[in-house]
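Participant: Need coordinates for the following:
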Amino acid sequence: MKREYWIILIVYIGMQFSSLVGVPLLMLVLPTIGIDKQQAVPVWLLISFLAALLITLFILRKEMKSQRAIGSSWGQSVQWAFLGFFLALFSQYAAAIVESMLGVQSGSENTQQILHLIDTFPLAIIVTSIFGPILEEVVFRKIIFGSLYRRYNFFISGLISSVIFALAHMEPEHIILYSAMGFTFAFLYVKTKRIIVPMFAHVAMNTMVVLVQSVFRDDIERLLKQAEAVQNFIGGFL
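Facilitator: Predicted coordinates:
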């Protein structure tokens, strides 16, 4: 693996743990400028993700310039980017069905925490919808999957990188869901040889999920309760 890739991985891991220091500091600073200290977590997420993204793009600047002529045409890339968005949605839906058949409870605690952060600090949506997906595609697809793919076949490389992708979200119970998305984004990367394609699909999917769950949260909760009631009713007969 390239030295630059190791540096990016260290930056990404450091960003994930930076809240242990950054959040307590912000909780001391924010009240002095008239901002509620409860916003310390989303504000630090915005700062840390932006810093990690800028550092990552700076490190990759030469590589991005040299690879502009490599990969599918921009017309094909745009087509696959839009198609990839729907592929990601379909894979997520299919994985959710499989998980429900295996008895995994629907819903994501990670998503609920994200929605809470957005309620507290609306600008946090930039992290969940833009900064986060871009960084994740660089780390999990370009670096981890790409490095593995140079040694192993697509399935092994996709499986290992997707499992790491799932575990990084701290929701091992949804490993099928995250792995399905990981395989989808890896396929888009291999198909077009342009990391911008899975980036777009990932950004679009995250943005749609967050907006839908934010706008229609009450309706979704009501439908989930109704589905649970029906399931319990049917279970009573069985």
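Participant: From now on I want contacts and neighbour counts done on CA atoms only, so please keep to that.
Facilitator: Fine.
Participant: now for the helix ranked longest in the chain, which elements pack on it?
Facilitator: Assignment by DSSP state H gives helix 74-101 as the longest helix of the chain. When contacts are defined as 3 or more CA pairs under 8 Å, 6 or more residues apart in numbering; DSSP states H and E, helix 74-101 sits against helix 175-192, helix 196-215.
Participant: and of the ones you listed, who's closest to S48?
Facilitator: Of all the helices and strands packed on helix 74-101, helix 196-215 sits nearest to S48, with 18.3 Å by CA to CA.
Participant: sorry, back to before: quick one, which of the helices and strands packed on helix 74-101 gets closest to S18.
Facilitator: Taking CA to CA, helix 196-215 is the member of these nearest to S18, at 23.2 Å.
Participant: Using neighbour counts, pick out the buried residues of that closest one.
Facilitator: Across helix 196-215, burial judged by 16 or more other CA atoms under 10 Å covers 196-207, 210, 213-214.
Participant: which among the residues you listed gets closest to F154?
Facilitator: Using CA to CA, the buried residues of helix 196-215 come closest to F154 at P198, 15.7 Å.
Participant: Tabulate the helices and strands packed on helix 74-101 in TSV, adding columns for distance to F140 and mean pLDDT.
Facilitator: Below are those laid out as TSV (distance: least, CA to CA, whole Å; pLDDT from 0 to 100):
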stretch	distance to F140	mean pLDDT
helix 175-192	8	90
helix 196-215	11	84
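Participant: Please convert these to TSV, extending it with distance to R3.
Facilitator: Converted to TSV, the helices and strands packed on helix 74-101 look like this (distance: least, CA to CA, whole Å):
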stretch	distance to R3
helix 175-192	22
helix 196-215	22
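Participant: out of these, which comes closest to L45?
Facilitator: Nearest of the helices and strands packed on helix 74-101 to L45, taken as CA to CA: helix 196-215 at 16.4 Å.
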